[in-house]
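A.B. asks: sequence first, then the predicted structure:
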Amino acid sequence: MTSNSATGYRFKSVILALGNVLVFLILLMLLSQLKHFLPQKFERYALGILGTIAALGSVWIFSKYEKISLQKLGLLWQKNTLRKFLMGLLLGILIAAAMIFIQVSYAGMTITLNENGNFLSFLLWSSALIPLAFMEEVAFRSYPFIKLNKAVGLRLTQFVMAFLFAIYHILDGGSLVNALIGPGIWGLAFGLAAVISNGISMPTGLHYGLNLILALLGTKNEIRGLFTIDYPSHASAEAVQAGQNAGIALQLAVLLLCILGMEIYLRKRKSYPSTLYNPQPNNS
């Protein structure tokens, strides 16, 4: 490639990547209107299914335009898909449990059994978190991630896609700061899992595992957890603030680990190249 053609190629790839996210958001906004025709209790299932259609639909449009098969984008079932998903799920559960244990131990919070909890009901409604996680991984860690990675490299791709992932969560009514230190940081973790595992099955499992533990503790809207986590009634304002600070510190620790993991991956990439998430531009 000449310098001009390489620049043009990178610019086109960036436009396609960002355009794909935009098309997903538009399709999601349109299709999500259909959920109002269903009972309120099915809203999360409806959003997950309709959102998955929007995510896959946007990727399909751009893959047809570029004549790229879904297999090359890692969106077809393979023999190791379930194994990677379960590995991600276990990792997500362990990470979330460890972070909660640290925060509870440091801030003196309590975890109690929810007397109104029901295991079968929890299992039913928390399963909606699977299509919700899959939807977001398709939308942010498949086609647009690959295109951007190919154009500008992994470092910039990680931060751009994590930022877009955070902005997307603001649509739910959250603040920019909370979105950046929450979904934004975890977006880096999901992206790192995607490049390491060479697909979205592991980050989908990781995503689901994290949310599953949060739902178990009743911190996910519309899902009645089996346990509750809170400060004791006699907790001081200082103790509550300490707990909040511990939560922020843990999020920053995840950020540092993601950056460190990315740098280690990039150093080893020449020895263990990823053909899916780090393809080389054609020389023609």
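C.D. replies: It's in. Residues are numbered from 1 along each chain as shown.

A.B. asks: what is the lengthiest helix in the chain packed up against?
C.D. replies: What stands out as the longest helix in the chain, according to DSSP state H, is helix 237-268. Here helix 237-268 touches helix 81-107, helix 154-170, helix 185-197, going by 3 or more Cβ pairs under 8 Å, 6 or more residues apart in numbering; DSSP states H and E. C-betas here are computed from N, CA, C, even on glycine.

A.B. asks: right, and Leu210 touches Leu90 too?
C.D. replies: No: contact criterion Cβ atoms under 8 Å: Leu210 and Leu90 do not qualify, at 11.5 Å.

A.B. asks: gap between Gln47 and Val14?
C.D. replies: Not Gln; residue 47 is Leu. Distance of Leu47 to Val14, computed by Cβ to Cβ, to the nearest Å: 29 Å.

A.B. asks: name the helix or strand for the closest residue to Glu66 other than its chain neighbours, please.
C.D. replies: Setting aside the residues directly before and after it, Glu66 is nearest to Leu16 in space (Cβ to Cβ, 6 or more residues apart in numbering), at 7.4 Å. Per DSSP states H and E: Leu16 is located in helix 3-31.

A.B. asks: what packs against the helix or strand that that helix is followed by?
C.D. replies: As assigned by DSSP H and E, the chain's next helix or strand after helix 3-31 is helix 43-66. If contacts are counted by 3+ Cβ pairs under 8 Å, 6+ apart, helix 43-66 sits against helix 3-31, helix 129-141, helix 143-152.

A.B. asks: need the helices and strands packed on helix 237-268 in CSV (columns: mean neighbour count, distance to Ile26 and mean pLDDT).
C.D. replies: As requested, the helices and strands packed on helix 237-268 are exported to CSV (neighbours: other Cβ atoms under 10 Å; distance: least, Cβ to Cβ, whole Å; pLDDT from 0 to 100):
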stretch, mean neighbour count, distance to Ile26, mean pLDDT
helix 81-107, 17, 28, 93
helix 154-170, 20, 12, 95
helix 185-197, 25, 20, 96
